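>>> Structure for the following, please:
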Amino acid sequence: MKKRILLTSFDTWLSDQLSNSSDDLLLEVTKLELIPHALTFLRQLSVDVQIASCQVIEKINEMQPDCIICCGMAASRKQLSVELRASCGESILHTGVDLEQLVAGTAAIEISHDCGKFVCEGLYYSVLEYLCQSQLSTRCIFVHVPLINEENLSEILTDFVLIINKLALL
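As a prediction, this is how the structure comes out:
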């Protein structure tokens, strides 16, 4: 049975940005035909925690995914980063996914303990909190995506597809 996987990305937030690398990556994934899972894309989310969280939670209720991969741009990073946790004030929530196992065998993915203090962390926290409160077994991770260019696209896309496939098997 195909796993239902929800993938999210953000829109741009600065007037000089032509695109958001998280959305660029998901656009590349939509072009692939060999992924054996039922992928649903929720692209170009508003760069507003409240609005983005409501949109993602609505989609979770609608499609009941097995896995969720939220993506955000991290222009200062050089490789994909999978986030271990998200915080809101003093509260910290961790993904239930074994990230060491998830990234094993990838070319260049790091496990990050700093989801940032922007909309990425707010969305990740909201989704993890919703899954916990709703007692859903849906696995959720957040992936920060560096700026994508011709030199790094192939490696980033290969690693990201590996993450999709491994998450579906966990």
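>>> what residue ranges in this protein score low on pLDDT?
Low-confidence segments of the chain (pLDDT under 70): 14, 17.
>>> Please, where are all the helices along this structure?
With DSSP state H as the criterion, the chain has helices at 21-30, 49-63, 99-103, 119-133, 153-169.
>>> want to throw those into a markdown table with distance to residue 6 and mean neighbour count?
From N, CA and C alone the C-beta is placed, and that goes for glycine too. Conversion of the helices of the chain to a markdown table gives the following (distance: least, Cβ to Cβ, whole Å; neighbours: other Cβ atoms under 10 Å):
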| stretch | distance to residue 6 | mean neighbour count |
| --- | --- | --- |
| helix 21-30 | 11 | 20 |
| helix 49-63 | 6 | 16 |
| helix 99-103 | 17 | 15 |
| helix 119-133 | 10 | 20 |
| helix 153-169 | 11 | 17 |
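>>> Spatially central residue in this structure, please.
Most central in the chain under Cα atoms, centre = their mean is residue 70, positioned 2.3 Å from the mean C-alpha point.
>>> tell me the contacts of that residue?
By Cβ atoms under 8 Å, 6 or more residues apart in numbering, residue 70 lies in contact with 7-8, 56, 120, 123-124, 127, 140-143.
>>> roughly how far apart are it and residue 34?
Taking Cβ to Cβ, to the nearest Å as the measure, residue 70 and residue 34 are separated by 23 Å.
>>> and if you look at residue 2?
Per Cβ to Cβ, residue 2 is found 13 Å from residue 34.
>>> which one of these two has more residues nearby?
The residue with more neighbours, out of residue 2 and residue 34 and counting by other Cβ atoms under 10 Å, is residue 2; that gives 11 against 6.
>>> got the contact list for that one?
Per Cβ under 8 Å, 6+ apart, neighbours of residue 2: 36-38.
>>> quick revisit: now tabulate the contacts of residue 70 in CSV and tack on distance to residue 112.
Below are these laid out as CSV (distance: Cβ to Cβ, whole Å):
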residue, distance to residue 112
7, 18
8, 17
56, 20
120, 11
123, 15
124, 11
127, 17
140, 15
141, 11
142, 9
143, 9
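>>> Go through those residues and name the one nearest residue 107.
residue 143 (14.5 Å; Cβ to Cβ).
>>> Give me the distance between the residue lying closest to the closest one once chain neighbours are set aside and residue 56.
Leaving out its chain neighbours, the residue that sits closest to residue 143 by Cβ to Cβ, 6 or more residues apart in numbering is residue 71, at 5.0 Å. With distances defined as Cβ to Cβ, the gap from residue 71 to residue 56 amounts to 12 Å.
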